[in-house]
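# Need a 3D model of the sequence below.
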Amino acid sequence: MAIRPPTLEETTAAENSNARISEYESACVAGGQGEAIRDVLNHIGNKWTLLIVRALSVGVRLRFTQLQRHIPGISQRMLTVTLRHLERDGLVRRTLHAEVPPRVEYELTDIGTTLIEPARALGSWATESYLSVLASRERFDATLAGGPNHST
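Residues are numbered from 1 along each chain as shown. Take a look at the predicted model:
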């Protein structure tokens, strides 16, 4: 079976369709590019990351214990792990001062500061939508408790 080249109309329709697809959408469907989104958001989407970015967004370096005080509920281990991921991803800079006892400070890098606005927007959405989300969960859970008629 011979493969024919696309007609001008088919090419134009495909180009118009692609023009409507955002860079994000095309990255999600393109061969393997969705991996970039999943990989980066795996760390950024962590509930502690947004709180760390928020704490560091004031533009000053914070010591580990200062950071921990700004983030209620985070354990020392989780703060350590999350900071290490953020440092590895180039979003946070760790500065070790050669003192006794050693002093370590954290700050956002240039690329880390580009995350401040999206983090604020997501945080605002979460707080504004929280009551609606809770109500929806209650309705959903009540439907599940009502019996086997619920379908997924």
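
# What pLDDT does the model give residue 101?
The pLDDT attached to residue 101 in the predicted structure is 87.

# Distance check, it against residue 63.
Note on residue 101: its distance to residue 63, by C-beta to C-beta, to the nearest Å, is 11 Å. (Each C-beta comes from the backbone N, C-alpha and C, glycine too.)

# So the two - more neighbours on which side?
Taking other C-beta atoms under 10 Å, residue 101 and residue 63 do not tie; residue 63 has more neighbours (13 against 6).

# Let me know the secondary structure of the nearest residue to the more buried one once chain neighbours are set aside.
Of all residues not flanking residue 63 in the chain, residue 105 sits nearest, at 5.6 Å (C-beta to C-beta, 6 or more residues apart in numbering). Using DSSP: H, G, I helix; E, B strand; the rest coil, the three-state assignment for residue 105 comes out as strand.

# just the helices in the chain please.
Per DSSP state H, the chain carries helices over the ranges 8-20, 23-29, 34-44, 47-56, 64-70, 76-88, 110-113, 116-145.

# Among those helices, which comes closest to residue 97?
Evaluated over those, closeness to residue 97 peaks at helix 64-70, with 12.5 Å, by C-beta to C-beta.

# in the closest one, what's buried?
Neighbour-count burial for helix 64-70 flags 64, 67, 68 (criterion: 16 or more other C-beta atoms under 10 Å).

# Tell me the pLDDT of the closest residue to the second one other than its chain neighbours.
Ranked by C-beta to C-beta, 6+ apart and with sequence neighbours excluded, the top spatial neighbour of residue 67 is residue 55, at 5.7 Å. The predicted structure scores residue 55 at 94 on the pLDDT scale.
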